[in-house]
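*Asks:* coords please:
(chains A and B)
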2 protein chains.
Amino acid sequence: MQETKPKKAVVLLSGGLDSAVTLAYARREGYAAYALTFDYGQRHRIEIERARKVAAGLSAEEHKIMAVDLRAFGGSALTDAIPVPEAREEIGAAGIPATYVPARNTIFLSLGLAWAEVLGAEAIFIGANAVDYSGYPDCRPEYFEAFEKLAVLATRDGVQAGWKLHIQAPLLHLSKAEIIRLGKDLRVDFSLTSSCYNPSPEGKSCGVCESCRLREKGFAEAGETDPARGLRLSF
Amino acid sequence: MQETKPKKAVVLLSGGLDSAVTLAYARREGYAAYALTFDYGQRHRIEIERARKVAAGLSAEEHKIMAVDLRAFGGSALTDAIPVPEAREEIGAAGIPATYVPARNTIFLSLGLAWAEVLGAEAIFIGANAVDYSGYPDCRPEYFEAFEKLAVLATRDGVQAGWKLHIQAPLLHLSKAEIIRLGKDLRVDFSLTSSCYNPSPEGKSCGVCESCRLREKGFAEAGETDPARGLRLSF
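*Replies:* Numbering: from 1, shown residues only, chains lettered A, B, ... in the order given. Predicted structure coming up:
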């Protein structure tokens, strides 16, 4: 009997809540998951250690941590001395937040594309969300479609072998509360994840940045308790 | 009188002959040039030192060298233990060479895009060529057009401010001899450039790889002498 090979996916894994749920989702969909984490000079470096634990806990086939120092270019509150905004109100509903990092998803997906081609993977999973972070241009469906088109033109297997790469963003249209409920169904251990944009050197969440507030609100709306909160570490 | 700001461009600079000519071309077109070099684990690391000299010699406004270790993914003779092919004949006229690096130009252009957005640059210049390297999928006009479309969708300034980024590949349809003639017109110091895929640790060119042969043939066809050759370093 011929052994059937599992389908493969690269999963972008930040160590935050959303990408952990995304990894769990990809696993449930039957993908062998190749987790890819970027050390890009983010303030919230505790995420990288969390990503290791999440990848192991959710049985990723392999986990790579790749250094790409986006501080070199600047332009973002997540990598620069620009202050991290404390709440959505400060940003303005229509604006793009100061936490926008120029071309971040394009850079991350491009690196994911390289690994996906080498692996022969069918998809890249990304925990992008267009509800709570609707301001980010590179979290929109039309952006992901454009990237899929580029991927075919950009690669040897796309041009020669009819390889198609799908960008899967299963959380794109979910609220934070819905993401938390999905994660609970998928038995994601939220205590391993870190969401704060601006944690203390010990990894303690600030509790006031946009990401902390969204997480708190999401757990409240989902009627759940954040298990990371009791740990007095990043919640 | 109001001071007019010069138009800006990011120029991808490898330290090889083609990208040096591309930088000189961008300068002649009136761009303030922001040179970007990648240390991606290539065998031909001597290129990076050459890139520094080329950037200084051609009055780049700024020069960044960015580490992105593409060896992490493998799949190429330029970063792996896969042998570098010795001549075009070994590759097969229709094939994509073993020197193809998965998603390389997409990764490089994405990083260039980040810097271009921060700078407010109009263009990224790339020394891609579709004549001698027609096998590479990410050196084709349709690929660059798809990247331009992606760039608008991917960025804050593309979405909010009507920013458009042009991918300029002025060497795309030139033969190596034509590139060398253009470089001579632009007073490029070829002795600073390195083309070998597989140089010795001291930076001496192998003389037999595809890139060395193309360079030698190009100088012969252009009726020029390669000044790097006499230096007994990378030619």
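
*Asks:* longest helix in chain A, by residue count?
*Replies:* helix A:104-119 (DSSP state H).

*Asks:* any bit of that helix sitting next to chain B?
*Replies:* Yes - for helix A:104-119, a contact with chain B is found by CB under 8 Å from any CB of the partner chain, at A:104-107, A:109-111, A:113-115, A:117-118. In this view, the C-beta of every residue, glycine as well, is placed from N, C-alpha and C.

*Asks:* Let me know the closest of those to B:R181.
*Replies:* Nearest to B:R181 among the residues of helix A:104-119 next to chain B: A:S110, at 33.7 Å, using CB to CB.

*Asks:* Tell me who's in contact with that closest one.
*Replies:* B:103, B:106-107, B:109-110 (CB atoms under 8 Å, 6 or more residues apart in numbering or on different chains).

*Asks:* Ranking by neighbours, what's the top pick from the residues of helix A:104-119 next to chain B?
*Replies:* A:L109 (31 neighbours; other CB atoms under 10 Å in any protein chain shown).

*Asks:* phi, psi of A:Y34?
*Replies:* phi -110, psi 100 (degrees, to the nearest 10).

*Asks:* Please apply the same query to A:L12.
*Replies:* phi -80, psi 120.

*Asks:* for chain A, what spans make up the helices?
*Replies:* So, for chain A - with DSSP H - the helices run A:17-28, A:46-57, A:88-91, A:104-119, A:141-154, A:156-160, A:176-185, A:210-222.

*Asks:* Let's have those in JSON lines, adding mean pLDDT.
*Replies:* Conversion of the helices of chain A to JSON lines gives the following (pLDDT from 0 to 100):
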{"stretch": "helix A:17-28", "mean pLDDT": "97"}
{"stretch": "helix A:46-57", "mean pLDDT": "92"}
{"stretch": "helix A:88-91", "mean pLDDT": "44"}
{"stretch": "helix A:104-119", "mean pLDDT": "96"}
{"stretch": "helix A:141-154", "mean pLDDT": "96"}
{"stretch": "helix A:156-160", "mean pLDDT": "90"}
{"stretch": "helix A:176-185", "mean pLDDT": "97"}
{"stretch": "helix A:210-222", "mean pLDDT": "92"}
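
*Asks:* out of the ones you listed, nearest to B:A151?
*Replies:* The nearest among these, by CB to CB, is helix A:104-119 at 7.9 Å.

*Asks:* and the angle from that closest one to helix B:104-119?
*Replies:* 170 degrees (axes from the mean of the first three to the mean of the last three CA atoms, to 10 degrees).

*Asks:* Next one: A:G203 from A:G158, what distance?
*Replies:* Going from A:G203 to A:G158 by CB to CB, to the nearest Å gives 40 Å.

*Asks:* Same check on A:Y40?
*Replies:* 26 Å.
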